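K.L.:
Next input, structure requested:
(one chain, ligands or ions: 1)
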Amino acid sequence: MASSGEQWWRDAVIYQIYPRSWADSNGDGIGDLPGITARLPHLAELGVDALWLSPFYTSPQHDAGYDVADYRAVDPIFGDLTAFDELTTRAHTLGLRVIVDVVPNHSSNEHPWFRAALASAPGSPERARYLFRDGRDNGELPPNNWRSQFGGPAWTRVTEPDGTPGQWYLHLFDTTQPDFDWTNQEVRDEFEDVLRFWLDREVDGFRIDVAHGLVKAPGLPHVDLDLDPSVAATALSPMWDQPGVHEIYRSWRTLVDEYAVDGDDADRILCAEAWVLPSDALAQYVREDELHQSFNFEYLMTPWLAADQRATVTRSLAQAETVGAPQTWVLSNHDVVRHATRLGYPQVSGPQRIEGISADDPQPDAMLGLRRARAATAVMLALPGSAYLFQGEELGLPEATQLPDDVRQDPTFARTDGTSKGRDGCRVPVPWEGGVPSYGFGPGDSAWLPQPVEYGVLAADRQRGVVGSTLDLYSTLLSVRRRLRLGRGTVTWLDGYPDDVLAFSVTATNGSVTVLANLGDVPVPLPADAVVLASSQPRETGAVLGSDETVWLRA
Ligand code: GLC
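P.N.:
Model (predicted):
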């Protein structure tokens with residue numbers, strides 16, 4: 001494997017920007033690339049290594065840009081290629097690497113290839129880039145019983161160019177997101193070319209959307225509907241985690257390695273969004289000749305209970321170790337309820353609820369949620385490997401749990417007739433300045449989703465330089481982590497603490513820490529001579545470790 005220098009990605013902290021919600025430069029209420037460029041110093045001060053941009057490509061925005069109509073162009077709502085180049089140059093000047101999203105499972109129905117497919121006959125090469133099939137029962141029923149991830153059937157019937165009811169096409173997501181046929185060499189060649197297009201524009205890597213979905217089981221067999229349709233069933237499902245995906249990633253790895261120049265720590269990386277369980281199946285994605293990283297969603301969904309946390313961390317580290325990969329920790333992203341809100345609910349063993357919340361649902365205990373979120377982040381950022389942060393978590397932003405239904409834009413909401421509230425609650429624009437319209441998101445009065453009033457006090461300018469703020473906590477954790485190189489360290493669990501306390505040391509080349517996280521109700525005394533390097537709550541010297549608090553002590 002080609003690799004260069006330090007392999008920066010092994011312990012990188014990578015900050016996810018959801019472009020429509022981070023910073024708006026032109027006042028239209030939607031974030032954009034120039035807005036991002038202007039705010040990049042925030043990330044440099046925070047102390048992350050890289051940023052990942054969710055899609056900003058030309059798109060009708062039916063799934064907030066995860067429906068791409070042109071993989072090589074910037075949508076005018078976000079800017080243009082010049083704005084992208086300016087963003088990348090500025091980021092690199094600030095010492096930040098830039099990861100972009102690639103969406104290879106499906107395109108938009110407005111992609112020229114899909115338009116050509118609709119205009120062409122069944123069996124044509126144009127149709128062969130997607131998954132068109134004849135229906136069952138004289139064509140009237142979909143080819144199989146697969147369901148869309150966003151609700152409803154995974155097939156839509158087309159009208160043929162001659163006006164007759166015709167074939168069906170597969171879409172694992174919205175009807176406007178037709179799935180590609182990855183057995184088609186033309187599709188493979190096209191995406192390798194897309195990767196090269198962005199690598200030539202100096203990007204440092206890609207986050208691969210729905211990385212476990214590209215290849216479907218031969219013959220597209222029915223799903224056993226008795227199976228739990230959740231991620232836990234991936235190993236048994238004909239649409240997820242098929243062996244053929246690995247061959248694609250081996251070839252992508254060879255491609256990105258061509259761009260790594262020996263010795264200058266310039267690896268270009270690939271990170272999978274693969275909702276694959278169990279964890280040994282997930283580890284296959286990060287074998288030495290495949291991807292560099294794969295999000296650890298099992299960790300994201302682990303409740304804030306000491307036994308569950310200990311088990312997940314132990315298993316995750318061991319699985320990554322078997323293939324020599326770093327673990328890739330994550331607690332929040334644009335598809336799940338923010339962890340400051342998830343953790344504000346009673347914690348029960350088993351995977352956590354990540355689905356959207358509405359005003360009719362039980363509301364979280366916001367103070368408790370934030371307290372636990374800070375403690376959980378302080379655990380995550382001590383762990384060896386890479387970690388991803390989602391925009392606004394460094395401000396302690398909660399989910400917007402009371403959005404009115406008429407502002408919701410996630411297609412999940414409409415496709416389930418509102419049964420599932422969708423993912424808008426975590427996508428609400430970021431507050432930069434308290435007390436001004438749109439909390440400084442942009443020069444206009446509004447944002448594409450309304451911001452909850454509590455975002456005002458959490459705005460970045462209200463926290464910057466304030467000791468004990470969530471922003472201050474994140475900067476402290478990131479700076480100690482970097483100084484001691486904890487991301488390259490080794491975890492050892494420590495005995496002698498109550499069961500409800502996660503206690504481990506991280507031994508790294510530049511120093512070691514003892515991490516104590518109290519997930520129980522009973523305060524725990526700290527060693528008398530403890531030197532506190534970071535603490536999830538402001539503390540007095542010598543104080544006990546309270547409930548839902550994490551400390552890093554000099555070991
Ligand atoms: C991924 C994205 C999600 C999107 C879906 C379809 O899961 O993270 O936001 O809706 O893929 O592209």
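K.L.:
Now the longest helix along the chain - C-alpha only, CSV.
P.N.:
In the chain, assigned by DSSP state H, the helix with the most residues is helix 306-323. The C-alpha trace of helix 306-323 is given here as CSV (Å, rounded to 0.1, in the frame of the first residue of the first chain):
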residue,chain,number,x,y,z
ALA,A,306,-21.4,2.1,31.7
ALA,A,307,-21.7,-1.6,30.8
ASP,A,308,-22.9,-0.9,27.2
GLN,A,309,-20.2,1.8,26.7
ARG,A,310,-17.4,-0.5,27.9
ALA,A,311,-18.6,-3.4,25.8
THR,A,312,-18.9,-1.2,22.6
VAL,A,313,-15.5,0.5,23.1
THR,A,314,-13.8,-2.8,23.8
ARG,A,315,-15.3,-4.6,20.8
SER,A,316,-14.7,-1.6,18.5
LEU,A,317,-11.1,-1.4,19.4
ALA,A,318,-10.6,-5.1,19.0
GLN,A,319,-12.3,-5.2,15.6
ALA,A,320,-10.3,-2.4,14.2
GLU,A,321,-7.1,-4.0,15.5
THR,A,322,-7.8,-7.2,13.6
VAL,A,323,-7.4,-5.4,10.3
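K.L.:
tell me which strands and helices it is in contact with?
P.N.:
The contact analysis (3 or more Cβ pairs under 8 Å, 6 or more residues apart in numbering; DSSP states H and E) places helix 306-323 against helix 279-283, helix 297-300, strand 490-493, strand 501-508. Every C-beta, even on glycine, is put in place using the N, C-alpha and C of the backbone.
K.L.:
Turn those into a markdown table, including mean neighbour count and distance to the ligand.
P.N.:
Converted to a markdown table, the helices and strands packed on helix 306-323 look like this (neighbours: other Cβ atoms under 10 Å; distance: least, Cβ to the nearest ligand atom, whole Å):
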| stretch | mean neighbour count | distance to the ligand |
| --- | --- | --- |
| helix 279-283 | 19 | 15 |
| helix 297-300 | 22 | 10 |
| strand 490-493 | 14 | 29 |
| strand 501-508 | 20 | 29 |
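K.L.:
Check which helix or strand the residue of the chain found nearest the ligand maps to.
P.N.:
Nearest residue of the chain to the ligand, counting by Cβ to the nearest ligand atom: Tyr66, 3.4 Å away. Per DSSP states H and E: Tyr66 is located in neither a helix nor a strand.
K.L.:
For it, grab the count of nearby residues.
P.N.:
By the criterion of other Cβ atoms under 10 Å, Tyr66 has 24 neighbours.
K.L.:
Repeat that for the one 4 residues further on.
P.N.:
By other Cβ under 10 Å, the residues close to Asp70 number 15.
K.L.:
ok, now which ones touch it?
P.N.:
Tyr57, Thr58, His111 (Cβ atoms under 8 Å, 6 or more residues apart in numbering).
K.L.:
Swap in 7 Å and give it another go.
P.N.:
Tyr57, Thr58 (Cβ atoms under 7 Å, 6 or more residues apart in numbering).
K.L.:
so it bridges to which residues?
P.N.:
Per DSSP bridges, the residues bridged to Asp70 are Thr58.
K.L.:
nearest spatial neighbour of the residue positioned nearest the centre of the chain, skipping sequence neighbours?
P.N.:
Centroid check for the chain by Cα atoms, centre = their mean gives Asn333 as the closest residue, at 4.3 Å. Nearest non-adjacent residue to Asn333, counting by Cβ to Cβ, 6 or more residues apart in numbering: Phe390, 5.0 Å away.
K.L.:
Which positions within stretch 97-108 qualify as buried?
P.N.:
For stretch 97-108, the neighbour count (16 or more other Cβ atoms under 10 Å) marks Arg97, Val98, Ile99, Val100, Asp101, Val102, Val103, Pro104, Asn105, His106, Ser107, Ser108 as buried.
K.L.:
tell me the domain boundaries of the protein?
P.N.:
According to automatic domain parsing, the chain is divided into the following domains: 8-106+185-463, 112-170, 489-554.
K.L.:
can you list those domains in JSON lines and add distance to Leu473?
P.N.:
Below are the domains of the chain laid out as JSON lines (distance: least, Cβ to Cβ, whole Å):
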{"stretch": "domain 8-106+185-463", "distance to Leu473": "6"}
{"stretch": "domain 112-170", "distance to Leu473": "35"}
{"stretch": "domain 489-554", "distance to Leu473": "6"}
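K.L.:
Can you list the buried residues in whatever helix or strand Ala83 lives in?
P.N.:
Assigned by DSSP H and E, Ala83 belongs to helix 81-93. Residues of helix 81-93 classed as buried under the neighbour-count rule (16+ other Cβ under 10 Å) are Ala83, Phe84, Glu86, Leu87, Thr88, Arg90, Ala91.
K.L.:
Also stretch 353-365?
P.N.:
Ile354, Glu355, Gly356, Ile357, Ser358, Pro364.
K.L.:
Next, the residues that contact that stretch from outside, please.
P.N.:
For stretch 353-365, using Cβ under 7 Å, 6+ apart, the contacting residues are 301, 336-337, 341, 344-345, 399, 401-402, 420-425.
K.L.:
Can you name every helix or strand that the helix holding Ala83 contacts?
P.N.:
Counting contacts by 3 or more Cβ pairs under 7 Å, 6 or more residues apart in numbering; DSSP states H and E, helix 81-93 is packed against helix 33-46, strand 70-74.
K.L.:
Of these, flag the one that's most buried.
P.N.:
Of all those, helix 33-46 has the most neighbours on average by mean count of other Cβ atoms under 10 Å, namely a mean of 19.
K.L.:
quick one: that helix to chain centroid distance?
P.N.:
From the chain centre to the centre of helix 33-46 is a distance of 19 Å (Cα atoms, centre = their mean, to the nearest Å).
K.L.:
Next: stretch 314-332.
P.N.:
The answer for stretch 314-332 is 16 Å, by Cα atoms, centre = their mean.
K.L.:
Now do the contacts for Ile248.
P.N.:
Neighbour list for Ile248: Trp182, Arg188, Leu214 [criterion: Cβ under 7 Å, 6+ apart].
K.L.:
Mark which of those are buried, thanks.
P.N.:
Trp182, Arg188, Leu214.
K.L.:
Using PDB, write out every CA atom in the one helix or strand Asp101 maps to.
P.N.:
In this structure, Asp101 sits in strand 97-102 according to DSSP H and E. Once non-C-alpha atoms are left out, strand 97-102 reads as follows in PDB (Å, rounded to 0.1, in the frame of the first residue of the first chain):
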ATOM      1  CA  ARG A  97      -7.700  19.300   5.100                       C
ATOM      2  CA  VAL A  98     -10.900  19.100   3.100                       C
ATOM      3  CA  ILE A  99     -13.000  15.900   2.600                       C
ATOM      4  CA  VAL A 100     -16.000  16.000   0.200                       C
ATOM      5  CA  ASP A 101     -18.900  13.700  -0.100                       C
ATOM      6  CA  VAL A 102     -19.300  11.200  -3.000                       C
END
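K.L.:
tell me the mean pLDDT over it?
P.N.:
Taken as a whole, strand 97-102 has an average pLDDT of 98.
K.L.:
ok, and what's touching that strand?
P.N.:
14, 49-55, 88, 91, 194-195, 198, 203-209.
K.L.:
can you redo the helices and strands packed on helix 81-93 as a markdown table with mean pLDDT and distance to Trp252?
P.N.:
A markdown table is the format used below for the helices and strands packed on helix 81-93 (pLDDT from 0 to 100; distance: least, Cβ to Cβ, whole Å):
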| stretch | mean pLDDT | distance to Trp252 |
| --- | --- | --- |
| helix 33-46 | 98 | 25 |
| strand 70-74 | 99 | 15 |
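K.L.:
the helices in the stretch 401-550 of the chain, which residues?
P.N.:
In the stretch 401-550 of the chain, the helices defined using DSSP state H, counting those that start in this stretch lie at 411-415, 460-463, 470-484.
K.L.:
out of the ones you listed, nearest to Gly440?
P.N.:
Of all the helices of the stretch 401-550 of the chain, helix 460-463 sits nearest to Gly440, with 7.3 Å by Cβ to Cβ.
K.L.:
which strands and helices sit next to the closest one?
P.N.:
helix 470-484.
K.L.:
rerun that using 10 Å as the cut-off
P.N.:
Applying 3 or more Cβ pairs under 10 Å, 6 or more residues apart in numbering; DSSP states H and E, one finds that helix 460-463 makes contact with helix 33-46, helix 470-484.
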